[in-house]
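Visitor: Sequence first, predicted coordinates after that:
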Amino acid sequence: MGYPALTDKPGAIATATAIRNGEMSPYEAVEAAIARIERLDAHINAVVVTDFDRALERARTLTDTGFAADQPLFGVPMTIKESFDVGGLPTCWGHQAYADNIAKADARVVSLLKGAGAVILGKTNVPPDLADWQSRNPVYGRTNNPHDAGRSPGGSSGGAAAAVASGMVACDFGTDIGGSVRVPAHFCGIWGHKSSWGLVPLQGHVHPQLAGRDAHDGALGIAGPLARNAADLRLLVELTRSVPLQASGKPLKDCRALLLLDHPSCPTDAAVRAPIEAAAAELERAGMAIDRASELVPDLATEHAEYMRMLNVAMARGMPGPGGKRASASDWFDMLDLQARSENAWARLFGVYDFVLAPPAPVLAVEHSEGRVFDGPVMINGTQQPGGSTLCWAGLATYPNLPSTVLPVGETGGLPCGMQVISRRWADLDCIAAAESIGTILHG
């Protein structure tokens, strides 16, 4: 197995190192990235808001001032998901009605990335309200998967994943509540990290309908990076975290993992199952202990139902609640109680296991469709399944607020397949380190 060819490009750290070593200037790095976007994006449509003039101006300033040791992303060009505010650029979340909604200031994540020396080239495409595994909307059109233009790059951070996978930029930053970082990474064959809930600040990530309100870490939703390697993920998490993190440093050969490939809410397609099973077999040959069942696993069907209930209420700010009525405060506290029960159950499991390995989604990149993936049937192993059921693997880590790193493990029929590496809350660096070790075993 090997990485998909589109990911064989320099990463963010490699670009920063080249700049530090004088092999290129920030201006040259930015100019080259803009040229890549102009050459490639006509067929992909990932970078839908461009800010090239300001990017070149900032790159020229960085070139003139010289390398700054306290800026690990000095001169590195990157993009950012459309839903994050960038001062002077529109934030519309895929809605024509908000196409002229110009942000007055940068989101907190954008400020942190700029403070680390990154140069923002523009913003990447999303579905309306960030609520689909496709990235198309009436304002900016449809984003295509770099591996197959007839398929989705995922959503809602699909433009971000497509930009990274195609080599336009080394990294991007997305958000995830229903797999919106992990599924695009899986569909596009790159690396993505769903952070522990509350780790990365979401200030400046506000639906334009709620303009004027201060953003906060709403239930379930997180921000997390997409990149072409684990080292870049680690750096991006370190640069944007709001609480200290510490890696255990435990070698992968000393870790115990639980492999989950079956979910009672939705079957797993053979095109996903085969690459992950092959990867698990390779890890076992390398000495990693992997179980395939455990009595410690919570009732996954119940967890999925409770996750979907909480997700729908959180996404609709109270509508619909139980029975289609607006959720009351009592309803919401009941949901929080059940979520806490889930967190405790997974904490007990991670007292025995270091990691859970699982699919990011039950399917590979889906074909383009006019409706939302979740509203129609999805074909799995030749049988139609309800679209909403495909969220089961996303909810596995989202509902109990756990971190999850997705890495590419193989492919089926030319489409990449990823795998989630999930661990206890705040073990973000351990997830990334384990995924990095797994990637080394699988790909060299």
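Guide: Great, that's in hand.
Visitor: Could you list the domains of the protein?
Guide: For the chain, automatic domain parsing gives the domain ranges 5-240, 252-443.
Visitor: Determine which of the ones you listed approaches Q246 most closely.
Guide: domain 252-443 (7.1 Å; CB to CB). Just so you know, the C-beta spots here come from the backbone N, C-alpha and C atoms, and that holds for glycine as well.
Visitor: Now do the end-to-end distance for the closest one.
Guide: The first and final residues of domain 252-443 sit 16 Å from each other (CA to CA, to the nearest Å).
Visitor: what's the spacing between that domain and its chain's center?
Guide: Offset of domain 252-443 from its chain centre (CA atoms, centre = their mean, to the nearest Å): 13 Å.
Visitor: Could you give the average pLDDT over that domain?
Guide: In this model, domain 252-443 has a mean pLDDT of 96.
Visitor: again, but for stretch 152-169
Guide: Stretch 152-169 comes out at a mean pLDDT of 98.
Visitor: Find the residue closest to G189 in space, skipping its chain neighbours.
Guide: Distances taken as CB to CB, 6 or more residues apart in numbering place P416 nearest to G189, at 2.9 Å, with adjacent residues excluded.
Visitor: Show me the beta-bridge partners of the one you found.
Guide: E411 (DSSP bridges).
Visitor: Same question for A223.
Guide: In beta-bridge terms (that is, DSSP bridges), A223 pairs with T175.
Visitor: Count the residues that sit near it.
Guide: 26 (other CB atoms under 10 Å).
Visitor: ok, back up a step: most packed of the domains of the chain?
Guide: Among these, domain 5-240 has the highest mean neighbour count (mean count of other CB atoms under 10 Å), at a mean of 22.
Visitor: Distance from the chain centre to that one, please.
Guide: 11 Å.
Visitor: Next: stretch 225-245.
Guide: Centroid separation for stretch 225-245 versus its chain: 12 Å, with CA atoms, centre = their mean.
Visitor: circling back: could you provide the domains of the chain in JSON lines, with additional columns for distance to Q246?
Guide: As requested, the domains of the chain are exported to JSON lines (distance: least, CB to CB, whole Å):
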{"stretch": "domain 5-240", "distance to Q246": "11"}
{"stretch": "domain 252-443", "distance to Q246": "7"}
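Visitor: sorry, back to before: quick one, what contacts the residue nearest to G189?
Guide: 4, 147, 186-189, 364-365, 408, 410 (CB atoms under 8 Å, 6 or more residues apart in numbering).
Visitor: Filter those residues down to the ones in helices?
Guide: 186-188 (DSSP state H).
Visitor: Of these, which is the nearest to V272?
Guide: Among the ones in helices among the contacts of P416, and counting by CB to CB, the member closest to V272 is H186, at 8.5 Å.
Visitor: my read: the closest one touches V406, true?
Guide: Yes: assessed by CB atoms under 8 Å, H186 is found in contact with V406 at 5.7 Å.
Visitor: and for the two, which residues touch both?
Guide: 192, 360, 418.
Visitor: For the second one, which non-adjacent residue is spatially closest?
Guide: Closest residue in space to P360, ignoring its immediate chain neighbours: H186 at 3.9 Å, by CB to CB, 6+ apart.
Visitor: contacts for stretch 31-45?
Guide: Here stretch 31-45 has contacts from 24, 47, 50, 52, 55-56, 59, 77, 121-122, 125, 140-144, 146, 149, 153, 159, 162-163, 166-169, using CB under 8 Å, 6+ apart.
Visitor: repeat for stretch 143-151
Guide: By CB under 8 Å, 6+ apart, stretch 143-151 touches 4, 6, 43-46, 48, 124-125, 135-136, 152-154, 158-159, 162, 165-166, 187-189, 365-368, 414-416.
Visitor: Next step: these restricted to strands.
Guide: 48, 124, 136, 415-416 (DSSP state E).
Visitor: Could you single out the nearest of the residues you listed to N312?
Guide: So of those, ranked by how close each gets to N312 (CB to CB), first place is R136, at 21.8 Å.
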